[in-house]
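Participant: Return atomic coordinates for the entry below.
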Amino acid sequence: MRIIALVPDLMDRSRISSALPDVIFTREAGACAAADVVVVDLARHGPDLDAVRAVAPQARIVAFGPHVEREQLQRARRHGADVVMARSQFFHDPEAALTI
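Facilitator: You can find the predicted model right below:
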């Protein structure tokens with residue numbers, strides 16, 4: 001399974017790569033074309049969801065963002081994210097978040 005993450009924050013990258021050692025990080029939605037799963041940090045890449053869905057129509061998109069940003073979480077669902085969760089929920093168990 002090829003996992004690509006649109007997650008620019010270095011601390012978040014560290015936490016994700018410790019749970020998902022084969023993850024590939026990128027800053028460009030276009031680099032997600034070959035992904036089976038795309039992880040999206042909504043705080044920084046929320047506007048990129050349409051582009052991710054366009055280049056990776058079959059990929060499972062797992063998006064996370066601040067729980068207080070309800071509109072952002074709802075927008076992510078409308079724009080193609082398969083799974084949308086609060087940041088704290090995602091980081092509780094990133095590996096499990098990919099299978100929800």
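Participant: And what about the residue in the chain sticking out farthest from the centre, helix, strand or coil?
Facilitator: Centroid-distance maximum for the chain: residue 68 at 17.6 Å, with C-alpha atoms, centre = their mean. For residue 68, the secondary structure call by DSSP: H, G, I helix; E, B strand; the rest coil comes out as coil.
Participant: roughly how far apart are it and residue 83?
Facilitator: According to C-beta to C-beta, to the nearest Å, residue 68 stands 19 Å off from residue 83. Backbone N, C-alpha and C define where each C-beta goes, glycine included.
Participant: what separates residue 52 from residue 11, distance-wise?
Facilitator: 22 Å.
Participant: Quick check on those two: which one has the bigger neighbour count.
Facilitator: Applying other C-beta atoms under 10 Å to residue 52 and residue 11 shows that residue 52 carries more neighbours, namely 27 against 8.
Participant: quick one: contacts of whatever helix or strand the more buried one lives in?
Facilitator: Here residue 52, judged by DSSP states H and E, is contained in helix 49-55. For helix 49-55, contacts defined as C-beta atoms under 8 Å, 6 or more residues apart in numbering pick out 6, 29-30, 32-33, 38, 40, 59, 61, 63, 76, 79-81.
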